[in-house]
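Asks: Could you look at this predicted model? Sequence included:
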There are 2 protein chains.
Amino acid sequence: MILKSQVEWALHCCAILAGLPAGRYLSTKALAEFHGLPKEYLSKALQSLSQAGLVDTSLGPSGGYRLRVPASELTFLDIVEAVEGKGKSFVCNNIRANNPCRPQGFCESHPCAIARIMWEADEAWRVRLRAVRIADLIAMLGEEIPPDVWKKTADWVLKRAG
Amino acid sequence: MILKSQVEWALHCCAILAGLPAGRYLSTKALAEFHGLPKEYLSKALQSLSQAGLVDTSLGPSGGYRLRVPASELTFLDIVEAVEGKGKSFVCNNIRANNPCRPQGFCESHPCAIARIMWEADEAWRVRLRAVRIADLIAMLGEEIPPDVWKKTADWVLKRAG
DNA sequence: GGGCACATACTCGGATAGTTCCTGTCCGAGTCTTCTTGG
DNA sequence: CCAAGAAGACTCGGACAGGAACTATCCGAGTATGTGCCC
């Protein structure tokens, strides 16, 4: 069980997009260069965000992506689910139904006890990710990153933003 | 991000093994027949449990597997990690280091903020799985399963146990 | 000088190969059981 | 009747193919920009 690298890329890209002035867009090319990633493949992650309705897109020169959901409302879970899907990490195939001792059609009403436990853990994971918003991440980064580096980065992005 | 079906199989098998009298073994063949699973592939999951030190093995006729760790101490996390590995679900490739505005060798001391958040959610998932023991599962099943079915199942297992 | 039409270049989006990991299968080394044989 | 020995059958463990999913790449449809021309 391992999350695909697209999740990491999507989170970093959203952090960058959050620092964009209102109404401006940033292209896949700029985001790829900034993070040192393959442009063509990174676009897949951004497409996932677009299909999930988390970002807006614009075509043509000076086009690209921008956040559609405000950073103060956009949660980590939104981004993770946009890339990984909303499915649970544990799928129950109900193999208990093969128990040769069970009467036919038994144990079909409520789910398997093992699945319930696994799903509770899965939900705990989601609750934790739902509690963190991109705005919180920006605040954390603001405390960690020296002001000059922060400023230079903002300028770099602004120069590339259309 | 989806757990492999081996996790489900391993959990169900441990539940069955927990009902085994002390000193008795249950073979892969019996476990596979009980759950309606391919014997050869199920053995891989049991091998993982064996390599993790969770079960004991015995060869020859009337051989098989039995729990090595008491059901009251064996947690869901032990079993999940035995099959899936102990690695975190989120791997950080530190792509922030490619930021063209950062000075060389910067941000190498403590991990990326995004990774820290993802790892906290991962830890919440593990905490939840660590809190549930196989003995708890047996107690839950005891409340759900009718006594006659429970008895028949126990007899079936006992008849197959070596 | 201002407005309009056009060519241009850049964007996203989906369709297309390559590689890794999970799934499924097979066979061999080792051991416990059981049967046979001898005392 | 009991004990010892050997044959047999069953077990786990690791080595070997097949398929799905992730990774990586390419090209086309569409649009905003910038330029040149006309008024």
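Replies: That came through fine.

Asks: Please count neighbours and contacts with C-alpha atoms only from this point.
Replies: Noted.

Asks: which residue ranges form the helices in chain A?
Replies: A:5-18, A:28-35, A:39-51, A:76-84, A:113-130, A:134-144, A:147-160 (DSSP state H).

Asks: Turn these into JSON lines, including mean neighbour count and distance to residue A:59.
Replies: Below are these laid out as JSON lines (neighbours: other CA atoms under 10 Å in any protein chain shown; distance: least, CA to CA, whole Å):
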{"stretch": "helix A:5-18", "mean neighbour count": "21", "distance to residue A:59": "17"}
{"stretch": "helix A:28-35", "mean neighbour count": "19", "distance to residue A:59": "11"}
{"stretch": "helix A:39-51", "mean neighbour count": "18", "distance to residue A:59": "13"}
{"stretch": "helix A:76-84", "mean neighbour count": "21", "distance to residue A:59": "22"}
{"stretch": "helix A:113-130", "mean neighbour count": "19", "distance to residue A:59": "31"}
{"stretch": "helix A:134-144", "mean neighbour count": "15", "distance to residue A:59": "25"}
{"stretch": "helix A:147-160", "mean neighbour count": "14", "distance to residue A:59": "15"}
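
Asks: wait, which of those helices is closest to residue A:95?
Replies: Closest of those to residue A:95 is helix A:113-130, at 10.9 Å (criterion: CA to CA).

Asks: picking up where we left off before, which stretch among the helices of chain A approaches residue B:67 most closely?
Replies: Taking the helices of chain A one by one with CA to CA, helix A:113-130 is closest: 17.9 Å.

Asks: right, quick check: the least confident helix or strand in chain A by mean pLDDT against DNA strand D, any contact?
Replies: Here the helix or strand of chain A ranked lowest by mean pLDDT, DSSP states H and E is helix A:147-160, holding a mean of 93. No: Helix A:147-160 lies apart from DNA strand D when judged by CA under 7 Å from any atom of the strand; the minimum separation is 12.4 Å.

Asks: does any bit of that helix sit next to chain B?
Replies: Yes: if you take CA under 8 Å from any CA of the partner chain as the test, helix A:147-160 does meet chain B, through A:149, A:152, A:153, A:156.
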